[in-house]
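Peer 1: Provided below for reference: sequence and predicted model.
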Amino acid sequence: MQHIPVALERCIALLAPAITRSESPIVIDATLGLGGHSKALLTQFPQLRIIGFDRDLSAIAIAQQNLESDIDRITIVHAIYNEIDSVLEDLGIAKVDGVLFDLGVSSMQLDVAERGFAYSQEAPLDMRMDQSKGISAFEVLHSYQRNDLIRILRVYGEEKFAKNIAENILKARATNSLNSTKDLAELVKDSIPAPARRTGGNPAKRTFQALRIEVNQELEVLESAIPQALSALAVGGRIVVMAYQSLEDKIVKSSFTAVTTSGTPRGLPVDLPNSAAKFGFVIRGSESATDAEILANPRAQSMRLRAIERLAA
Ligand SMILES: C[S@@+](CC[C@H](N)C(=O)[O-])C[C@H]1O[C@@H](n2cnc3c(N)ncnc32)[C@H](O)[C@@H]1O
């Protein structure tokens, strides 16, 4: 499937005021992927320098090729985006003008069957975004205790039939019959009562989401990354985040709400000293993709976009 960057024009427009107010602007692309957003930003803003993060070495290899013509203006780091603090320190960068997060997996990761992200393709149960380290979905499925499996499926997959699925995972372990994405998709299907299978798309979707989140520690990593991104922003700098599932969007929403809220008790006419909010909303609440974009790029359907700006140091 061809890779179409989501909300590309909108992201550029939201970051533009932060980029153009600086003579030598720097933006962090926290989720470089195939470099779609970075390429457009580098083309649009000739003075811009980008620090691009990705935890996936195969994404980095493709991004390097796609960004070849501007490679001297982008520093690509193989790192998790909650390492912003240490990467900036290593690079001797104190503040940046923009941060972009385009969360989740890329079209490439979904399309390459062997990565194990897609329930519709036969593959080993891997699901690691960084295949150079960490434990795979196979190891989670074959080593976690029953209660942990139930918790992961319930919390990360919002799966109502978590108990049935966990019981069947334990049975499959005993018979060595859970070895591929197809085995898992079948197991989930067999764990869900027939009437519940008829609604809400492929029932394996929720289990695959849960495992992916666990394998990559996606929520913990995001929770610790947002404060680092916010503290890296210069006054006038902006952060734009696109989330594709509600658990991630909730983290973004609550982090943004906390820093855009004044510490002054309600009812006072002016902010007390040092209690004014340091960030302000660029977008109130969230935005979705337009119908036209969703038609052209179905991945944009579940996207929620949020953006705030640093108002004070
Ligand atoms: C949706 S894709 C980004 C696509 C990109 N904006 C483009 O236009 O090509 C998300 C990328 O972020 C990476 N990623 C996800 N979580 C990450 C994390 N915690 N740290 C670093 N990279 C991460 C994935 O490996 C994937 O390549």
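Peer 2: Yes, it's here.

Peer 1: who touches stretch 284-297?
Peer 2: 4, 6-7, 10, 249, 253, 300-301, 303-306 (C-beta atoms under 8 Å, 6 or more residues apart in numbering). C-betas here are computed from N, CA, C, even on glycine.

Peer 1: Make a ChimeraX selection of the buried ones in the residues you listed.
Peer 2: Buried members of the contacts of stretch 284-297, defined by 16 or more other C-beta atoms under 10 Å, are picked up in ChimeraX with:
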select :6,7,10,249,253,300,303,304,305,306
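
Peer 1: how far is the helix or strand containing Ile165 from where the chain is centred?
Peer 2: Following DSSP states H and E, one finds Ile165 within helix 162-174. Its chain's C-alpha centre and that of helix 162-174 lie 29 Å apart, by C-alpha atoms, centre = their mean, to the nearest Å.

Peer 1: pLDDT averaged over that helix, what's the number?
Peer 2: The pLDDT scores in helix 162-174 average 98.

Peer 1: contacting residues around whichever helix or strand comes after that helix?
Peer 2: Downstream of helix 162-174, the first helix or strand assigned by DSSP H and E is helix 181-191. Applying C-beta under 8 Å, 6+ apart, the contact partners of helix 181-191 are 116, 118-125, 137, 141, 161, 164-165, 167-169, 172, 177-178, 197, 202-204, 207-208.

Peer 1: Tell me which other helices or strands the helix holding Ile165 touches.
Peer 2: If contacts are counted by 3 or more C-beta pairs under 8 Å, 6 or more residues apart in numbering; DSSP states H and E, helix 162-174 sits against helix 137-143, helix 146-157, helix 181-191.

Peer 1: what is the orientation angle of the last one with helix 162-174?
Peer 2: Taking axes from the mean of the first three to the mean of the last three C-alpha atoms, to 10 degrees, helix 181-191 and helix 162-174 form an angle of 130 degrees between their directions.

Peer 1: ok, now the longest one?
Peer 2: Interaxial angle of helix 146-157 relative to helix 162-174 (the same axes, to 10 degrees): 130 degrees.

Peer 1: What residues sit buried inside helix 146-157?
Peer 2: 149-154, 156-157.

Peer 1: Over to the last one?
Peer 2: Buried positions in helix 181-191, judged by neighbour count with 16+ other C-beta under 10 Å: 181, 184-188, 191.

Peer 1: Which parts of the stretch 1-150 of the chain are helices?
Peer 2: All helices of the stretch 1-150 of the chain, identified by DSSP state H, counting those that start in this stretch, fall at 8-20, 36-44, 57-66, 84-91, 107-111, 137-143, 146-157.

Peer 1: and the second one, what's its mean pLDDT?
Peer 2: Yep, that's helix 36-44 we're talking about. Computed over helix 36-44, the average pLDDT equals 98.

Peer 1: Tell me if it is near the ligand.
Peer 2: Yes - counting by C-beta under 6 Å from any ligand atom, the ligand is contacted by helix 36-44 at 36-37.

Peer 1: Any idea which of the helices and strands packed on helix 162-174 gets closest to the ligand?
Peer 2: helix 146-157 (14.7 Å; C-beta to the nearest ligand atom).
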